[in-house]
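*Asks:* mind looking at a prediction? Sequence and model below.
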Amino acid sequence: MPYFVLMEQSSKKAIIAYGRQAVPLTDHEAIAFAAAFKEIRVKKRQFLIQPNFTAKSRYFVINGALRAYVIGEDGQEHTIQLALEEWWISDYNSYIYQQPASMFVVAVEDSTLLELTYEAEKKLKIDNHQFETFFRTLAERSVAFMQRRIITRLTQSAEERYESFMERYGLFTHRFPQYVIASYLGMTTEFLSKIRNQRVKPKS
């Protein structure tokens, strides 16, 4: 069997397994669910979404690393979302409301993704209540995650934010450049470097 067919079958199994973690799916439902996704490969630094163009799809990461960010009036990049394996990424405001995007979504590594278009997701929800429940659960988890992130940003010092990040997502520091992590945590690269140096400095 051709390599690319084996890869696609592996990707389909991954999204089925992920879906079944949220809702029970029969074999027939699992096949219909996986069929809505298309496997795509993107190269490092390739953009999936750019401002002023409507986000037509959301993406499930099979392997690789991606980043969503905005650019402020001062030219500074502000990272909104990071995604590794089994994470989702898109400009969700653009995707959900089908209006022009405000974010860039770019591959940080060569990546394999499962793409789900807005129309395909809409059809899944209409066809089967289980699929609607899956995407509602996904949205609820996303809202809770963003709330935790906002509260952390408002109530913790830069050092505390970094410590919390390392406890939960330490792997990210090996997959994303330091300036991206700094941007995600809301600090300069220089300040993040200072925190990291203090963290590894041996105690006297």
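*Replies:* Yes, it's here.

*Asks:* now the residue nearest to Gly64 when sequence neighbours are not counted: phi and psi?
*Replies:* Nearest residue to Gly64 in three dimensions, chain neighbours excluded: Ser111, at 2.3 Å (Cβ to Cβ, 6 or more residues apart in numbering). Heads up, the C-betas are built off the backbone N, CA and C, glycines and all. The phi and psi torsions at Ser111 (degrees, to the nearest 10) take the values phi -140, psi 150.

*Asks:* return the distance of Ser111 relative to Arg45.
*Replies:* 11 Å (Cβ to Cβ, to the nearest Å).

*Asks:* these two: which has the busier surroundings?
*Replies:* Neighbour tally, Ser111 and Arg45, criterion other Cβ atoms under 10 Å: the higher count belongs to Ser111, 23 against 10.

*Asks:* residue contacts, the more buried one?
*Replies:* Arg41, Val42, Val61, Ile62, Asn63, Gly64, Ala65, Leu66 (Cβ atoms under 8 Å, 6 or more residues apart in numbering).

*Asks:* show me how far the longest helix seen in the chain is from its chain's centre.
*Replies:* Among the segments of the chain that qualify as a helix by DSSP state H, the longest is helix 129-155. Put simply, helix 129-155 sits 12 Å off its chain's centre (Cα atoms, centre = their mean, to the nearest Å).
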